[in-house]
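1. make a model of this:
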Amino acid sequence: MRKQHGGSVQVFRITGARTGLAEDVRGRQRRYVISMTIRTLSVILAVSLWNVERYVAVVALVLGALLPYVAVVIANAGRERPPNLPSTFITAPTRPMVAPPRAEEETSRAESERPEGT
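-> Numbers count the residues shown, from 1 in each chain. A predicted model of the protein is given here:
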């Protein structure tokens, strides 16, 4: 696929290529910041609801305690694996092996090849 960006600059997209390192790091940072924002909001919710709705506050506090671990694991998960690309090599067709004749065929062939007077 060919895309046009801006003036006369052509950008070619290779479908099987990995994303760039800078783009990968940017995506991981974005996921981490979103996770930490949710954690901050859950801790604030736990503090504000502690005397009002204790069960919701405890759930929010547990979420706030577990989310940093999950966020770090997700952020450090590493780069994605490239998809398996189809092979560009065409294999040569295999020739069938010539099998030795069977014993029955040998006897019938031997009988048909004999001279008729013997």
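2. pull the residues that contact the host helix or strand of Leu66.
-> Using DSSP states H and E, Leu66 sits in helix 54-75. Taking CB atoms under 8 Å, 6 or more residues apart in numbering as the criterion, the residues outside helix 54-75 that touch it are 28-29, 31-32, 35-36, 38-40, 42-43, 45-47, 49-50. The C-beta positions use only the backbone N, C-alpha and C, and glycine is treated the same way.
3. list the buried residues of it.
-> Ala57, Ala60, Leu61, Leu63, Gly64, Leu67, Ala71, Ala75 (16 or more other CB atoms under 10 Å).
4. please pull out the lowest mean pLDDT helix or strand from the chain.
-> Comparing every helix and strand of the chain by mean pLDDT, DSSP states H and E singles out strand 2-5 as the least confident one, with a mean of 49.
5. output the below-cut-off pLDDT ranges for the chain.
-> Within the chain, the stretches with pLDDT under 70 are 1-8, 11-18, 78-92, 99-118.
6. can you map out the strands along it?
-> 2-5, 9-12 (DSSP state E).
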